[in-house]
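> model this:
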Amino acid sequence: MRPSGTLPLLFTALLGLLAGCSPAPAPAPAATPAAVPAKAAAKASAPVAQVTIGGEDAAETVERWQPPAVTLAEDGVAQARRDAARAFEEDRLYRTAEDAIPIWLALLQHDPKDRAAEAGLKRARQRLLEEASVLLDRPLKQREALAEASEMALVLLTLAPDDAKVRELQSRVEIAQRVVAYNRAGEEDLRADRIGEDGDGAIPNFREALALDADSSRARQGLAAAESALIRRAETAARATDFATAGTWLAEAAKVRDSSITIADAFERIEKIRADTLARLRNEGLRDLATPQGLKPARQKLEDALRIALPGDPVVGQLRERIELVTHYGSFRPRQVFSDALRDGGRGPQMIVVPHGGFQMGAAENELGATDAEKPSHYVRFERGFAMSITEVTVADFRRYVQATKARPRATRRGHSIVYDERSGNFVRRSGVDWQSDYNGAEAIANLPVMHVSVRDAENYASWLSEQTGRSYRLPSEAEFEYALRAGSSGRYPWGDAGTPPARAGNFTGAEDVSPSGRHWYNAFVGYGDGYWGPAPVASFDPNPWGLHDIAGNLSEWVADCWHASYRRAPSDGVAWFNPGCRQRVIRGGNWANAPAQTRAAWRQSQDSDTTTARIGFRLVRGI
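Purely as a prediction, here's the structure:
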């Protein structure tokens, strides 16, 4: 609500009286103009007169003050003067016939040359100017003060229409009336929640008031209230997690007045609401993740948090990271090392969590030494990480299984296996060799990788370990093995494209290696020696970048897949490519007696499932 832009009639009336009316003009009836405040009209106890003004505002009729009629007897002049003086001292100036101004006007009408009456009227005008000025400056009860000041201005216009001070006072009254009207309109808008951010409401009204009176404390308080109302809207939106709207309201509040501290404080409160909301969502999401079916509700909490968070918020980052971990690793973290307790009181093999991700599996089209069985190269992705034993399963690990289950592995039942013969330099079948034997048939030490085991022996060990721990242990798929062997690399060899392994990279066929009888490898890595002719105790060499020992050398290893002559139609998700009942299985990874071409990262070979030899062992994978 705002007052009309038309010049109020009262202001026009006051300007019209500047035409030079006499102190006591002839009375004439007139109506109260609509622009005069109703309260001011009600307070006027004297009748009004109508005047016609000239000049630029000619032909307009305006309201003016009509003095109360005073009856003055011929012998009552002296008493009238005393009455007027007493009324003046008591500050009774114009409202009734007993007040000073009406009496002095009556005295002048009786005697236009009455200097005492003229002097009295002059003093009365001065007092009215002073009192009206005080009323206009009064900060409280402005409507009542303005009505009284307006009434005094009309009296003054009647008494001295050409007086510059009177005209200035009436101008102040007019401005004050408009200021009050704008302020009242603004306050009504505030109560109706029409704040005016769209250009129609409280804010424009208060600004109009300040444009007329820059010192209007009421208008300034109104703008402060409008600003506070916008800030409340912003905070209400923030509590409803609508921070976009909160930002819009806060931006509107910042336009109201120059109050950077207030806006800064409001911004801090809203950001505190945002921070508290994000912390609550994070904590609730983390609690969800601790439950079996909590991943979906936790993701919803993350979505809610991302909707309201600023870019790079660390609290949201914590929840996102934890959801990523649970999605890809369950309760584990990448590179985490652990071992499961066995029911018999021992511990299972030490495992490490392999990061989830993807890689290009197989040999490149132009890779030197590659075979068709290693092609086509294809992309494989693991959406979830898995745990792999850090080393090959050892003799000590396998012994615990055999003793616990009274198992008779394949070589034990058959009574022989394939060993290296030092005298001939060949691999030969030898009786009495089984999982307890070394590469040459001698007794194996506890921390050697177990060899002379078939793929079914390895699978039986995995089943026993699963029963002992309550966890799912198995042979790795061929894709899992190559993924872990490459450990993020893509070269020809597990360590890259260099033709010679780095120092301490593993147990490979090195030209510098020497057998107990002084033999050297015919086909070996030139310039490389690892100090072992046969298999080395596990973890004798540096791990690969993902913390796995001996995966590229020492022993080749059984994997879960059946043999396929190529990768056409191979799975892309990394699962084992297995056909029930197949006899030909796959071994992966170089060994202590492999040629360099058989140490390539993509190398694979078919083996009968009953094969046992001094060149093949295994390691396990556990689901997480």
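> alpha carbons only for contacts and neighbour counts from here, please
OK.
> all strands of the stretch 1-150 of the chain, in order?
Applying DSSP state E, counting those that start in this stretch to the stretch 1-150 of the chain gives strands spanning 48-52, 61-65.
> mean pLDDT lowest where, among those?
Comparing mean pLDDT over those, the weakest stretch is strand 48-52, at a mean of 31.
> grab the nearest non-local neighbour of residue 469.
residue 342 (5.2 Å; Cα to Cα, 6 or more residues apart in numbering).
> could you check how far that neighbour is from residue 99?
As for residue 342, its distance to residue 99 is 114 Å (criterion: Cα to Cα, to the nearest Å).
> who's more crowded, these two?
Set residue 342 next to residue 99 and count neighbours by other Cα atoms under 10 Å: residue 99 wins out with 23 against 15.
> right, and the more buried one touches residue 90 too?
No: checked against Cα atoms under 8 Å, the pair residue 99 and residue 90 is beyond contact range at 9.3 Å.
> what's the single longest helix in this structure?
helix 260-289 (DSSP state H).
> return the set of buried residues in that one.
Buried residues in helix 260-289, defined by neighbour count with 16 or more other Cα atoms under 10 Å: 262-263, 266-267, 270-271, 273-275, 277-279, 281-286, 288-289.
> just stretch 570-589 next, same as before
Those would be 570, 574, 575, 576, 577, 584, 585, 586, 587, 588, 589, for stretch 570-589 by 16+ other Cα under 10 Å.
> what's the answer for stretch 326-346, then?
In stretch 326-346, counting by 16+ other Cα under 10 Å, buried: 326, 328, 329, 330, 332, 333, 334, 335, 337, 338, 340.
> dump the residues you listed into a markdown table; add secondary structure and distance to residue 430 as well.
Shown next, in a markdown table, are the buried residues of stretch 326-346 (DSSP: H, G, I helix; E, B strand; the rest coil; distance: Cα to Cα, whole Å):
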| residue | secondary structure | distance to residue 430 |
| --- | --- | --- |
| 326 | helix | 50 |
| 328 | helix | 46 |
| 329 | helix | 45 |
| 330 | coil | 46 |
| 332 | coil | 45 |
| 333 | coil | 45 |
| 334 | coil | 43 |
| 335 | coil | 41 |
| 337 | strand | 38 |
| 338 | strand | 38 |
| 340 | coil | 36 |
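> re earlier: now do the contacts for the residue nearest to residue 469.
348, 465, 468, 469 (Cα atoms under 8 Å, 6 or more residues apart in numbering).
> and the residues you listed, which of them are in helices?
Those of the contacts of residue 342 lying in helices (DSSP H): 465, 468, 469.
> ranking those by neighbours, who comes first?
residue 465 (24 neighbours).
> okay, how far is it across stretch 338-354, tip to tip?
Stretch 338-354 end-to-end distance (Cα to Cα) = 12 Å.
> can you report phi and psi for residue 488?
phi 90, psi -10 (degrees, to the nearest 10).
> ditto for the one 3 residues further on
Backbone torsions for residue 491, taken as degrees, to the nearest 10, come to phi -80, psi -180.
> and it, how many residues sit next to it?
Residues near residue 491, counting by other Cα under 10 Å: 17.
> ok, and the closest non-adjacent residue to it?
That would be residue 497: by Cα to Cα, 6+ apart, it lies 5.0 Å from residue 491.
> repeat that for residue 216.
Per Cα to Cα, 6+ apart, closest to residue 216 is residue 210, 6.2 Å.
> pLDDT weak spots in the stretch 51-200 of the chain?
51-63 (pLDDT under 70).
> kindly recompute the last result at 80.
51-64, 139-140, 142 (pLDDT under 80).
> okay, helices next: where are they in it?
77-89, 100-110, 115-136, 142-159, 164-191 (DSSP state H, counting those that start in this stretch).
> compare the ones you listed and give me the one nearest residue 518.
helix 164-191 (101.8 Å; Cα to Cα).
> pLDDT value on the residue nearest to residue 469, please?
96.
> so residue 601 touches residue 484, yeah?
No: counting by Cα under 8 Å, residue 601 stays clear of residue 484, with 10.2 Å between them.
> the more surrounded of the two?
Between residue 601 and residue 484, residue 601 has the larger neighbour count (other Cα under 10 Å), namely 27 against 23.
> quick one, what contacts the more buried one?
482, 485, 486, 491, 492, 493, 494, 552, 589.
> swap in residue 149?
Residue 149 neighbours (Cα under 8 Å, 6+ apart): 131, 132, 133, 135, 136, 173.
> quick check, nearest of the residues you listed to residue 447?
residue 136 (103.0 Å).
> pull the number of nearby residues for that closest one.
Residue 136 has 22 nearby residues by other Cα under 10 Å.
> what's the burial count for the residue lying closest to it once chain neighbours are set aside?
Sequence neighbours aside, residue 146 is the residue nearest to residue 136 in space, at 6.2 Å (criterion: Cα to Cα, 6+ apart). By other Cα under 10 Å, the residues close to residue 146 number 25.
> turn the buried residues of stretch 570-589 into TSV, columns for secondary structure, distance to residue 547 and pLDDT.
Output for those, formatted as TSV (DSSP: H, G, I helix; E, B strand; the rest coil; distance: Cα to Cα, whole Å; pLDDT from 0 to 100):
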residue	secondary structure	distance to residue 547	pLDDT
570	coil	27	96
574	coil	20	95
575	coil	22	96
576	coil	23	97
577	coil	26	96
584	strand	30	97
585	strand	27	98
586	strand	24	98
587	strand	21	98
588	strand	18	98
589	coil	16	98
